[in-house]
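Asks: Make a model of this:
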Amino acid sequence: MRLVLWDVDHTLIDTRGVGRELSAAAFLAATGVPMREQATIDGITEPVIFRETAKLHGLVADREDFERFAQALEEQHLKRAAELRERGQALPGAAAALGALAAAGVRQTVVSGNIQAAARIKLSVFGLDTHIEWEIGAYGEDADERGDLVRLALDQAGVAAADAILIGDTPADVEGGRAQGVRVIAVASGKSSEADLKAAGADVALPDLRDAGLLVQLVRDGIG
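Replies: Prediction:
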């Protein structure tokens, strides 16, 4: 049985700026310092983003600081879930892709730089959480590097790398999958083009998730 490892932001959903606002509120709550700027976020895990953002503000953050930030971030997502639903969006084809893969008997989980609580809320507000096996996923609080998250998810699922497919939108997603021998379907629904994603090592690069039939075929056939 195949296992799909989904990225969240710009692969399945787009918060349209709400995510940064939630991070800023959580940063202030955790550090007492307003977030004037944020470190690079594309494909980077939440602990790394937090530490690098803290550095930009002259702060040295440790694990305890991150845990305070993560708790505040969860609270912000819960508090502003309705706003996230109103301002953000599920990306075109996301719901159909998840449903089609489930109908084809494919297991699905999340491998994301988000903390698990945020990933759950983000997908649930857009109705995209139904087919996700959350307990076998890997999240920002679990490791700093995406490759380590991929390995953790495989171990928890009891699935060999050859039977898994990672779907994400950044070169970091591609590199994380390839580092563990997992094939990658990259989706150019974020900042990276199909050419960029292919250059990063993606097995297949798609413009979006609109062709659910093609996606199921690629996953079922192991890309080819």
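
Asks: and the closest residue to V111 other than its chain neighbours, how many neighbours?
Replies: Nearest residue to V111, sequence neighbours excluded (Cβ to Cβ, 6 or more residues apart in numbering): L5, at 4.2 Å. C-beta here means a position set from N, CA and C on the backbone, and glycine is covered the same way. Number of residues near L5 (other Cβ atoms under 10 Å) recorded here: 30.

Asks: so what's L5 bridging to?
Replies: Applying DSSP bridges to L5 gives these bridge partners: T109, L166.

Asks: and it, what does it touch?
Replies: Under the criterion of Cβ atoms under 8 Å, 6 or more residues apart in numbering, the contact list for L5 reads 109-111, 137, 150, 153, 164-167, 177, 182.

Asks: same thing but 6 Å
Replies: Counting by Cβ atoms under 6 Å, 6 or more residues apart in numbering, L5 touches 111, 153, 166.

Asks: Going by distance to L209, which of those wins?
Replies: L166 (14.1 Å; Cβ to Cβ).

Asks: From G176, how far off is that closest one?
Replies: L166 sits 7 Å away from G176, going by Cβ to Cβ, to the nearest Å.

Asks: picking that back up, neighbour-wise, which one of the contacts of L5 leads?
Replies: Result: V111 is most packed of the contacts of L5 (other Cβ under 10 Å), 31 neighbours.

Asks: What does it show for phi and psi?
Replies: Main-chain torsions, V111, degrees, to the nearest 10: phi -120, psi 110.

Asks: Can you name the residues that contact it?
Replies: 5, 138, 149-150, 153.

Asks: Tell me where the protein has strands.
Replies: Using DSSP state E, the strands of the chain run over 3-6, 13-14, 89-90, 107-110, 164-168, 183-187, 204-206.

Asks: count of neighbours near the closest residue to A117 other than its chain neighbours?
Replies: Nearest non-adjacent residue to A117, counting by Cβ to Cβ, 6+ apart: E74, 4.0 Å away. E74 sits with 18 neighbouring residues when counted by other Cβ under 10 Å.

Asks: rewinding a little: which one of the contacts of V111 is nearest to T53?
Replies: Among those, L149 lies closest to T53 (Cβ to Cβ), at 19.9 Å.

Asks: my read: that closest one touches Y139, true?
Replies: No. Using Cβ atoms under 6 Å, L149 makes no contact with Y139, being 7.3 Å away.

Asks: ok, the most far-flung residue of the chain relative to its centre to A24 distance?
Replies: Largest separation from the mean C-alpha position in the chain: G58, at 27.9 Å (Cα atoms, centre = their mean). Using Cβ to Cβ, G58 is found at 17 Å from A24.

Asks: which residues in this protein form helices?
Replies: For the chain, applying DSSP state H gives helices covering 18-31, 46-56, 63-79, 81-87, 94-103, 116-125, 146-157, 171-179, 194-199, 212-220.

Asks: low-confidence ranges in the protein?
Replies: When residues are selected by pLDDT under 70, those of the chain lie in 224.

Asks: the domain parsing of it - what is it?
Replies: 3-15+89-220, 18-85 (automatic domain parsing).

Asks: which of those domains sits most buried?
Replies: With neighbours defined as mean count of other Cβ atoms under 10 Å, the domains of the chain peak in mean count at domain 3-15+89-220, which reaches a mean of 20.

Asks: Report how far apart the opening and closing residues of that domain are.
Replies: 10 Å (Cα to Cα, to the nearest Å).
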